[in-house]
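Asker: sequence and predicted structure are below.
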Number of protein chains: 2
Amino acid sequence: MSLELEQAAAQLAELGHPTRLGIFRILVRAGHQGVAVGEIQQALDIPNSTLSHHLSRMTKVGLMAQRRDGRTLYCSLLFNNVETLLAFLYDECCLGLPSASASQSSCCD
Amino acid sequence: MSLELEQAAAQLAELGHPTRLGIFRILVRAGHQGVAVGEIQQALDIPNSTLSHHLSRMTKVGLMAQRRDGRTLYCSLLFNNVETLLAFLYDECCLGLPSASASQSSCCD
DNA sequence: TTGACATTTCCATGTTTGTAGAAATAATAT
DNA sequence: ATATTATTTCTACAAACATGGAAATGTCAA
């Protein structure tokens, strides 16, 4: 089983949790500058230890990164990696089809 | 937390497992006609009960469906639902950005 | 150098998952 | 009826995960 697939699966597994998908959503909207952990906590209203656990998981698989500024930590999405992941899925979905390039503009009908 | 997000998270969680992502890959390539369970088993070389477990999970969240023809069961991707899922992610990623529509052609740089 | 703030690490606990052998079910052929 | 093929359900168990309280860490301000 390819490393690429293992990597994609690991990242998808992290996105596959309501709270973390919610975090993802917030991070996307925040753009490259990122959001403070505390801001995420306020938005989602969950205990700090629980949030921290989810953030560290997402960081571990390369979905986001953290950078400290004074006493607040900013989280920001690793957009490159997210795009790689989505590209993987789209390749599997559309370009992966034997006849896709020739006969169809979209495989998902 | 919205139902749409819960649904997306549930489907992503299923894709977030190497074996199941491998199944997904096979199903995509098989197109609408689908693949026999036995064929998937041969391709992945895992015990029938383990495979069956993964297939039922994927079915449960609406990623695929099964249809019997004689004594073989064919599995096929629910392409509509997969596209909905990918659209959700893409919306979150690109259209979700406040300034996306105005200033950028892609958010994932 | 004490106090407040922001966040993580540690710890404990209950829940879900992944795995696979063995038995059961379904469909077909002889 | 019986055997064969195809697949699921049952069962059990270890490993991983999710949750959150409490204590620890890092940073700044007075």
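Answerer: Structure's in. What do you need? Numbering: from 1, shown residues only, chains lettered A, B, ... in the order given.

Asker: quickly find the element holding the residue of chain A found nearest DNA strand D.
Answerer: Using Cβ to the nearest atom of the strand, the single residue of chain A nearest to DNA strand D is residue A:49, 2.9 Å away. In short, each C-beta sits where N, CA and C put it, glycine included. Using DSSP states H and E, residue A:49 sits in helix A:48-60.

Asker: any residue of the helix or strand just after that helix touching DNA strand D?
Answerer: Once helix A:48-60 ends, the next helix or strand along the chain (criterion: DSSP H and E) is strand A:64-69. Yes. Contact of strand A:64-69 with DNA strand D (Cβ under 7 Å from any atom of the strand) involves residue A:68.

Asker: which other helices and strands contact strand A:64-69?
Answerer: helix A:48-60, strand A:72-77 (3 or more Cβ pairs under 8 Å, 6 or more residues apart in numbering or on different chains; DSSP states H and E).

Asker: looking at these, which is closest to residue B:9?
Answerer: Taking Cβ to Cβ, helix A:48-60 is the member of those nearest to residue B:9, at 12.2 Å.

Asker: avg pLDDT for that closest one?
Answerer: Here helix A:48-60 scores 98 as its mean pLDDT.

Asker: okay, which residue is most central for chain A?
Answerer: For chain A, the residue nearest the mean C-alpha position is residue A:63 (4.6 Å; Cα atoms, centre = their mean).

Asker: residue A:80: neighbour count?
Answerer: 11 (other Cβ atoms under 10 Å in any protein chain shown).

Asker: can you report how many residues neighbour the residue of chain A closest to DNA strand D?
Answerer: 7.

Asker: next one, pLDDT for residue A:90 please.
Answerer: Residue A:90 is given a pLDDT of 83.

Asker: I'd say residue A:89 and residue B:87 touch.
Answerer: No. Assessed by Cβ atoms under 8 Å, residue A:89 is found out of contact with residue B:87, at 11.5 Å.

Asker: between those two, which has more neighbouring residues?
Answerer: The neighbour count for residue A:89 versus residue B:87, taken as other Cβ under 10 Å, is higher for residue A:89 (21 against 13).

Asker: report the contact partners of that one.
Answerer: Residues near residue A:89 by Cβ atoms under 8 Å, 6 or more residues apart in numbering or on different chains: A:8, B:15, B:86.

Asker: quickly find the element holding it.
Answerer: helix A:79-90.

Asker: for that helix, buried residues please.
Answerer: Neighbour-count burial for helix A:79-90 flags A:79, A:81, A:82, A:83, A:84, A:85, A:86, A:88, A:89 (criterion: 16 or more other Cβ atoms under 10 Å in any protein chain shown).

Asker: again, but for stretch A:57-68
Answerer: In stretch A:57-68, counting by 16+ other Cβ under 10 Å, buried: A:57, A:58, A:61, A:62, A:63, A:64.

Asker: what's the answer for stretch A:31-44, then?
Answerer: A:31, A:34, A:35, A:37, A:40, A:41, A:44.

Asker: looking at those, which are in strands?
Answerer: Using DSSP state E, residue A:35 are the members of the buried residues of stretch A:31-44 that sit in strands.

Asker: now tell me which of the buried residues of stretch A:31-44 the prediction trusts least.
Answerer: Across the buried residues of stretch A:31-44, the bottom pLDDT score, 94, is held by residue A:31.
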